[in-house]
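K.L.:
need coordinates for the following:
(2 chains)
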Amino acid sequence: MIQEDLIHKISSALKALGIDGVEPMIEFPGDLTHGDFATNVALAGAKVAGTTPRELAEKLVAELGEIEGVEKVNIAGPGFINFILSREYFSKKIQGVGETWGRGEKLKGKNILVEYAQPNLFKPFHIGHLLNTAVGESLSRVSQFSGATVRNISYPSDISLGVAKAIWSILKNKKEDDLTIDAMGEAYVDGTKQYEESEEAKKEINAIHTALHTAEDGDAWRVYQKGRALNVEYFNHITARLGSSFDHMFFESESGVIGKEIVMRHTPEVFQESEGAIIFKGEDYGLHTRVFLTSQGLPVYEAKDIGLLSLKFEKYNPDLSIVVTDVEQKQYFEVVKKAASLINKTWGDNSLYWQHGRLRFAGGKVSSRYGNVPLAEDLLEKVISIVSEKAKEEDPAVSEKVALASLKYAFLRGGSGKNIVFDFEKSVAVEGDSGPYLQYSYVRARGVLDKVKNANDGSFNVPKEVSNVERLLTRFPSVVARSADEYEPHYITTYLTELASAFNSWYAQEKVIGSKYEAYYLQVVRAFAHTMKNGLWLLGIEAPEKM
RNA sequence: GCUCCCGUAGUUCAACGGAUAGAACGCGGGAUUGCGGAUCCCGUAAUCGAGGUUCGAUUCCUCGCGGGAGCACCA
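P.N.:
This is a model prediction of the structure:
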C-alpha cells in the first residue's frame, strides 16, 4: 500500500533530520488539486526543528527522494507537502478493480453481533424502526465487508403492558378469529385509550399483563400466542422488504427471567435494595441510578438487558456486540453497561451501544393510521407514489428500489447521534444529494458498458491527465475502512455522492464510446460501476439495472 | 436542580486540529446531434457570542446564549 510506504518514508526522513515527537501522518486532501496525499509534518515539526515550516518542508522533500508510484512532490500553502501519484499508479489500480473492490481484512476473524430493528410486537412498525433498521443494516454490512463474521439479531419486546392492552381489546371485541396485523394495530390503540379512560378496563388489562408473565393458560394466553406468531411473521416480512434478515431473535420474555436471576445473584455486590426495589447505584460512577427489579420483584428493562447479554454471550460469545438504538437511550445504556461490566467484565468490554439520532418532522404531515407516528409501510407507500410521479416511473419494482434508496440515504446522510430532520418535500429527494442520484449514475454507467459487448484486447491508449473520478475511485477502500473503524456509514454516503458527481461531470465532458481512449475509459466506467454497486450495498441500497 | 447531546449559507447536511469552510435543495442564468436531462456548467449565500490552548480552531478547554434529550419501580 502506498499509504504505508509514504508514512514509512516520511518517518525515516524525519529521523534523518533529527526531528522527534512528530507523528508522521498523511491524509487525503479535501481538494483534489492539492494532490493525492498530503502531510503536515513540516508544520508540526518546524518548532522542534527551529526553522520555518516551508524550509523544513524543503529539507524533508530532499530527504525523501524518489518514491515508487509518486510522480511529483510539491510544497504548498503554509508548508504542506503534497504528493501527486503517477499516471501508471492510477491506470493499474483502475484495471484491478473487481467485484470485491473495497473489501478489507481489518476485522478478519472477528465475530460480531449487530442487534437492531427492535420491534414492539403488537405495536405497529413505525418510521423510527425504519431508521433503526437502516442504520443497523449498514453497520452490519460495513463490518462484514471489513472481514468480520457478522450475525444480525433482533430483540423484540414481546411482553409488556402494551401487549396486554392490545390483547384485552381483541378479546373484548371478539377479533381473535380473524386476527390481522391491522386489527392488532387498532386493538393496541383502542386498548391504550380504554386503559386511560376506564378503571374497569385498567383492572382487566393489568390482570392480563400478570397472566402473560406467568404464562397462565387461558383466553389471553391463546390470543397472545397467536398474535405473537403473526407479529413475528409480519416483522420478517417488513424487514425483508427493507433488505434485512435476522439470524436469531431473542425475546424479552426470555431475557426477563434470566435477568432477574442474575440481578438477584449479584445483590448486594453490584445491586442493592432501596425502598423495596433492587437498584444499581449509577451515581457512584457519575451515572444515573436506576431500578432493575421492582418492589414486586418484576424485572424491568434494565434487568432484561442484563439477561439479554447473558443469552447473547452464551450463544455466540461475540468479540463485539453492537446494539443500535435511539439517542434518547444513551445515558440509560451507560448504566446498563456499567452494571454489566461489574457482573462480567467481558459483557462490558465487548459491548457497544451505538445511538443514532431521533427523527424530527418538518413540513407536510403524513397520515398515520395509529397515533401520530407515521407507520413504516404507510410512509414507504407514500414515498413510492412520490417517486413514481416525479420520475414517471412505471415499473413498481423500480419505484420501490428508488423509494427505499431515497429514504435510506436521508437516514444515513448525517453523522450518527444527531437528530434527523425529516421533511417530506425535501427528504424524498430524487435529484442532487440523494440516493436516486447515486442509483442513476450507476445505471448510466451500466448503460455504456452494456452497449459495448466486445471485450478489449488489452492495448490501451491512456490519456496523460488523471481525472478526478480516477483519483476518487482509488480512495474507496480507505473510506470503507474508516467507516468501519468509527461505525459511521455517513462517510460512505458522502464519498459516493462526491464520486458520482465527479463521474457525472467527467461523463458529460468525455466521450467514452468511439474515443481514442475507449478501451481505457471503459475500464474507468467499469471501475466506477463496481465501486458504486459495492458502496450502495454497504448502505443497504440496491443498485438497479434500469430506472 | 443534576447529567448528556447539539448550534455551519434561506433550508437540509459535510469538513480524521490544517490550505480558498464543501455539497444539495431554493433562487438567478446557461449547456448537450456525445454514449440516459433523475444529467452537466456558472452565479448567489454560512461557522451563535466572549475568552483560552495551539505554528494553525467549525473542530479542543472555560463561561454565556439558544435548542433537544435523560434523570427509580414504564418500555
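K.L.:
for the residue in chain A positioned nearest to RNA strand B, the count of nearby residues, please.
P.N.:
Of all residues in chain A, the one sitting closest to RNA strand B is A:G432 (1.9 Å; CB to the nearest atom of the strand). All C-beta spots, glycine's among them, are computed from the backbone N, C-alpha and C. When neighbours are defined as other CB atoms under 10 Å, A:G432 has 9 of them.
K.L.:
repeat for the one 4 residues further on
P.N.:
Under the neighbour criterion other CB under 10 Å, A:P436 is assigned a count of 26.
K.L.:
same deal with A:D349?
P.N.:
Should you count by other CB under 10 Å, A:D349 turns out to have 13 residues around it.
K.L.:
with A:L293 instead?
P.N.:
As a burial measure, A:L293 scores 22 neighbours (other CB under 10 Å).
K.L.:
would you check that it makes contact with A:K260?
P.N.:
Yes: look at A:L293 against A:K260 with CB atoms under 8 Å: they come within range, at 6.2 Å.
K.L.:
so what sits against both of those two?
P.N.:
Shared contacts of A:L293 and A:K260 (CB atoms under 8 Å, 6 or more residues apart in numbering): A:P299, A:A303.
K.L.:
would you state the helices of the stretch 251-400 of chain A in chain order?
P.N.:
A:252-265, A:301-316, A:330-343, A:345-349, A:376-390, A:396-412 (DSSP state H, counting those that start in this stretch).
K.L.:
between these, which gets the lowest average pLDDT?
P.N.:
Ranked by mean pLDDT, the helices of the stretch 251-400 of chain A end with helix A:376-390 at the bottom, a mean of 88.
K.L.:
interface residues of the stretch 1-150 of chain A facing RNA strand B?
P.N.:
Contact residues, the stretch 1-150 of chain A versus RNA strand B (CB under 7 Å from any atom of the strand): A:27-31, A:33-35, A:38, A:40, A:43-44, A:46-47, A:53, A:76-78, A:80, A:82, A:120.
K.L.:
filter these down to the ones in helices?
P.N.:
Using DSSP state H, A:L43, A:A44, A:A46, A:K47, A:P53 are the members of those that sit in helices.
K.L.:
before we move on, back to that, same list (the helices of the stretch 251-400 of chain A) but as CSV, adding distance to A:G540.
P.N.:
Formatted as CSV, the helices of the stretch 251-400 of chain A follow (distance: least, CB to CB, whole Å):
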stretch, distance to A:G540
helix A:252-265, 26
helix A:301-316, 22
helix A:330-343, 23
helix A:345-349, 28
helix A:376-390, 14
helix A:396-412, 6
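K.L.:
could you chop chain A up by domain?
P.N.:
Listed domain ranges for chain A are A:2-85, A:161-241, A:378-538 (source: automatic domain parsing).
K.L.:
okay if I get the helices of the stretch 251-400 of chain A as a markdown table plus distance to RNA strand B?
P.N.:
As requested, those are exported to a markdown table (distance: least, CB to the nearest atom of the strand, whole Å):
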| stretch | distance to RNA strand B |
| --- | --- |
| helix A:252-265 | 6 |
| helix A:301-316 | 3 |
| helix A:330-343 | 4 |
| helix A:345-349 | 18 |
| helix A:376-390 | 6 |
| helix A:396-412 | 4 |
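K.L.:
show me the strands in chain A, by range?
P.N.:
A:37-39, A:70-76, A:80-85, A:111-115, A:149-154, A:248-249, A:272-274, A:277-280, A:290-293, A:320-326, A:351-356, A:359-362, A:420-423 (DSSP state E).
K.L.:
of those strands, which shows the lowest average pLDDT?
P.N.:
Mean pLDDT per stretch puts strand A:359-362 lowest among the strands of chain A, at a mean of 78.
K.L.:
and that strand, which residues are buried?
P.N.:
Buried residues in strand A:359-362, counting neighbours by 16 or more other CB atoms under 10 Å, are found at A:L359, A:F361.
K.L.:
adjacent strands (with direction) for it?
P.N.:
The sheet places strand A:359-362 alongside strand A:420-423 (parallel), with pairing taken from DSSP bridges.
K.L.:
is RNA strand B within reach of the partner strand?
P.N.:
Yes: using CB under 7 Å from any atom of the strand, strand A:420-423 reaches RNA strand B at A:I420, A:V421, A:D423.
K.L.:
by neighbours, which of these wins?
P.N.:
Neighbour counts for the residues of strand A:420-423 next to RNA strand B, by other CB under 10 Å, peak at A:I420, which reaches 17 neighbours.
K.L.:
so what's that one bridging to?
P.N.:
Per DSSP bridges, the residues bridged to A:I420 are A:L359.
K.L.:
show me what contacts it?
P.N.:
The contact partners of A:I420, by CB under 8 Å, 6+ apart, come to A:L131, A:H356, A:G357, A:R358, A:L359, A:R360, A:A410, A:F411, A:G414.
K.L.:
for PyMOL, what selects the buried ones among these?
P.N.:
Paste this into PyMOL to select the buried members of the contacts of A:I420, with burial taken from 16+ other CB under 10 Å:
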select buried, chain A and resi 131+356+357+359+410+411+414
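K.L.:
and the furthest pair within the contacts of A:I420?
P.N.:
A:R358 and A:A410 (14.0 Å; CB to CB).
K.L.:
report the buried members of the residues of the stretch 1-150 of chain A next to RNA strand B.
P.N.:
Buried members of these, scored by 16+ other CB under 10 Å, are A:28-29, A:34-35, A:38, A:40, A:43-44, A:46, A:53, A:80, A:82, A:120.
K.L.:
burial measure for A:K315, as a count.
P.N.:
A:K315 is flanked by 13 other residues according to other CB under 10 Å.
K.L.:
how about it, what does it touch?
P.N.:
Counting by CB under 8 Å, 6+ apart, A:K315 makes contact with A:H248.
K.L.:
same deal with A:Q439?
P.N.:
A:K401, A:V402, A:A405, A:L536, A:I541, A:E542, A:A543, A:P544, A:M547.
K.L.:
reformat the residues you listed as JSON lines; add neighbour count.
P.N.:
What follows is those, written out as JSON lines (neighbours: other CB atoms under 10 Å):
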{"residue": "A:K401", "neighbour count": "23"}
{"residue": "A:V402", "neighbour count": "29"}
{"residue": "A:A405", "neighbour count": "28"}
{"residue": "A:L536", "neighbour count": "23"}
{"residue": "A:I541", "neighbour count": "31"}
{"residue": "A:E542", "neighbour count": "21"}
{"residue": "A:A543", "neighbour count": "21"}
{"residue": "A:P544", "neighbour count": "20"}
{"residue": "A:M547", "neighbour count": "20"}
